[in-house]
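Visitor: no FASTA, just this:
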């Protein structure tokens, strides 16, 4: 072997060793997920966790880096959600936060992410000033976008007056405020503003007050299993008008609890819920059907909720941004978290199951009208409304 060939071989061995060494020490990406695996919001939180498992099975590596998922239960308590976020940031050193199963808890997590300078991808609508929360964004549809669709449907249905009953928390506020913004322009009068706590066992008193105002229809601002209470109470009182919901109710536990009281209820949701009913050229149909398939494989059960798809979409947004951020900084470093935040806010046309995502600084939300359809509950099944 000539000296030149020996030198080339030695250089190749060194290069290979250097490459293996770099791969061996390349940091994994860490995702911290806090959701409600117990408590009244568990009907939302459990699907979030299952959707994330499907996401990892769909794409377990990003630019050759493995992804570690750390999941914590917040017990449906906003204070615990905040503590979970702090633990994920301080002890687990996650690169991104994701969560959670209610608006108040998501706000608590977002505040930790902001203070610690760790990006957070919310899975639920978040009521925050984007100018003061430059580290948070959400894959959920903005409440106004969805309630606008409901009001458009009310107008089409000839509704002139609608009563409101919703949660006595930030979610109930979001729905009510969106309704009050959209309804007057559509010629619809909003009657009442009845509220109840997520842990309440009955809303009979609130429904009696509402019905005394004689609304033609009722709009509900609940979520998950507790969101069924107004439907049940309205059925018990013999209400014959239309009842409208919103995307916080799209899960099988709500369907199971509401039973026949939910028949013909109309509400907006992301297109994933009726993926197989969408036109062939709908932008989310293909990934929606792929998600259905991988979810079934991972969880040994079909998905019939909207929430598992939100965490799946959150992961898709993260994966797209992380691949770009890794070209600028090493995972696990403050520099990477800055690069990841900037990459998320420069997301362009990432197709998810709920919509097509485009983020920009100063805006918490990344979807448009491609992220909503109106569905009707028909004998326990969601049907695309004509």
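Guide: Noted; the coordinates are in hand. What you see is a predicted model; the values in this text were computed from it and never measured.
Visitor: all helices for this protein, in order.
Guide: 3-25, 42-58, 78-90, 103-116, 143-156, 170-182, 204-211, 229-236, 252-258, 285-299, 307-325, 334-344 (DSSP state H).
Visitor: which one of these lies nearest to residue 357?
Guide: Ranking those by proximity to residue 357 (C-beta to C-beta) places helix 307-325 first, at 5.6 Å. C-betas here are computed from N, CA, C, even on glycine.
Visitor: which parts of stretch 325-343 are buried?
Guide: For stretch 325-343, burial by neighbour count (16 or more other C-beta atoms under 10 Å) applies to 325, 326, 331, 332, 336, 337, 338, 339, 340, 341, 343.
Visitor: could you do stretch 62-81 as well?
Guide: Of the residues in stretch 62-81, those buried by neighbour count under the rule 16+ other C-beta under 10 Å are 62, 65, 67, 69-78, 80-81.
Visitor: on that earlier part again, need the buried residues of stretch 325-343 in a markdown table (columns: distance to residue 135).
Guide: Shown next, in a markdown table, are the buried residues of stretch 325-343 (distance: C-beta to C-beta, whole Å):
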| residue | distance to residue 135 |
| --- | --- |
| 325 | 14 |
| 326 | 19 |
| 331 | 17 |
| 332 | 17 |
| 336 | 14 |
| 337 | 9 |
| 338 | 10 |
| 339 | 13 |
| 340 | 10 |
| 341 | 6 |
| 343 | 13 |
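Visitor: out of those residues, the closest to residue 47 would be?
Guide: Nearest to residue 47 among the buried residues of stretch 325-343, counting by C-beta to C-beta, is residue 340 at 25.3 Å.
Visitor: need the pLDDT of the residue nearest the centre of the chain.
Guide: The centre of the chain sits closest to residue 123, judged by C-alpha atoms, centre = their mean, with a distance of 3.0 Å. pLDDT for residue 123: 95.
Visitor: residues in contact with the closest residue to it other than its chain neighbours?
Guide: Closest residue in space to residue 123, ignoring its immediate chain neighbours: residue 310 at 4.5 Å, by C-beta to C-beta, 6 or more residues apart in numbering. Residues in contact with residue 310 (C-beta atoms under 8 Å, 6 or more residues apart in numbering) are 48, 51, 123, 124, 139, 140, 270, 354.
Visitor: next one: residue 310 from residue 135, what distance?
Guide: Using C-beta to C-beta, to the nearest Å, we find residue 310 at a distance of 19 Å from residue 135.
Visitor: go on, residue 174?
Guide: Residue 174 is 21 Å from residue 135, where distance means C-beta to C-beta.
Visitor: most packed of the helices of the chain?
Guide: A comparison of the helices of the chain by mean neighbour count, using mean count of other C-beta atoms under 10 Å, puts helix 307-325 on top with a mean of 25.
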